[in-house]
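Asker: make a model of this:
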Amino acid sequence: MKTIATASILRPATLLKSCQPVTPLIARRNYATTGGSSGASSANTKRRAVTPFNDDGHVPWTNLSGAEKTARAAQQTFNFGFILVGVGLTSVVGYFLWTEVFSPESKVTYFNQAFDRIRKDKRCLELLGDGKKITAHGEETYNSWRRARPITSTERTDPQGNHHLLMQFYVEGPLNRGSVSIHLIKHPGQAEHQYRYFFLDIKGHPRLYLEDASGHQHSSGGQGTKLFGIKWT
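Answerer: Below is the predicted model of the structure:
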């Protein structure tokens, strides 16, 4: 009988001991959860205010205030406008390069074609010398840098709608130096210019025609051609 009484007395104590650690564990979990949520809210509260100068897009739109939404909208509008300006400038530069340099109808193209013909023409080589040593440049200037000498050119459309392109540049070879004059014309409805004349003048020698639409016989030459009030020698 004593043994049974002792066991009955010890059982409640054992149950109490097994229940004691539960309370601190729950408290720790509650504490950890509370601390994490307060840390997140604290981090959300302490973020920098979004302005047009520091906005990197990481803050969601729904978390922005009214002023911050206005700042982001202003920044995006500026960026979009900047892109449009860049595209516009690129288009202008591309159009200029095409019309002035790369187009088959550009002045640079006609200049290169004329210069190549001079270096391959036997009559020109007899007067200028070795074609590989012939150089071409524009008007004489005080700048000794040959590339800085501009090529004289004039464009005009007459009352009949014909487009006229006149060019003049200079060539130098081992034997002589001379001037080259070109007159190109494009009639309405035509895709390309045609030569009206293309000749080389070298002092002391007859004018040498590479192209002449008039079909006239040429003698010693030497007189200049006048068009649009400009005398081309």
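
Asker: quick check: beta-bridge partners of residue 137?
Answerer: The residues listed as beta-bridge partners of residue 137 by DSSP bridges are residue 170.

Asker: and for it, the neighbour number?
Answerer: Residue 137: 17 surrounding residues under other Cβ atoms under 10 Å. For the C-beta atoms, the positions are set from N, CA and C on the backbone; glycine is no exception.

Asker: that one contacts residue 179, doesn't it?
Answerer: No - in this structure residue 137 lies outside contact range of residue 179 using Cβ atoms under 8 Å: 10.9 Å.

Asker: common neighbours of these two, please.
Answerer: Common neighbours of residue 137 and residue 179 are listed as 169-170 (criterion: Cβ atoms under 8 Å, 6 or more residues apart in numbering).

Asker: and residue 94, how far is that from residue 112?
Answerer: As defined by Cβ to Cβ, to the nearest Å, residue 94 lies at a distance of 20 Å from residue 112.

Asker: hmm, I was thinking of residue 184
Answerer: 14 Å.

Asker: who has more neighbours, the two?
Answerer: Set side by side, residue 184 and residue 112 show unequal neighbour counts under other Cβ under 10 Å, the larger going to residue 184 at 22 against 12.

Asker: what count of nearby residues applies to the residue nearest to that one when sequence neighbours are not counted?
Answerer: With sequence-adjacent residues excluded and distances taken as Cβ to Cβ, 6 or more residues apart in numbering, residue 184 is closest to residue 193, at 3.8 Å. Residues lying near residue 193 (other Cβ under 10 Å) number 18.
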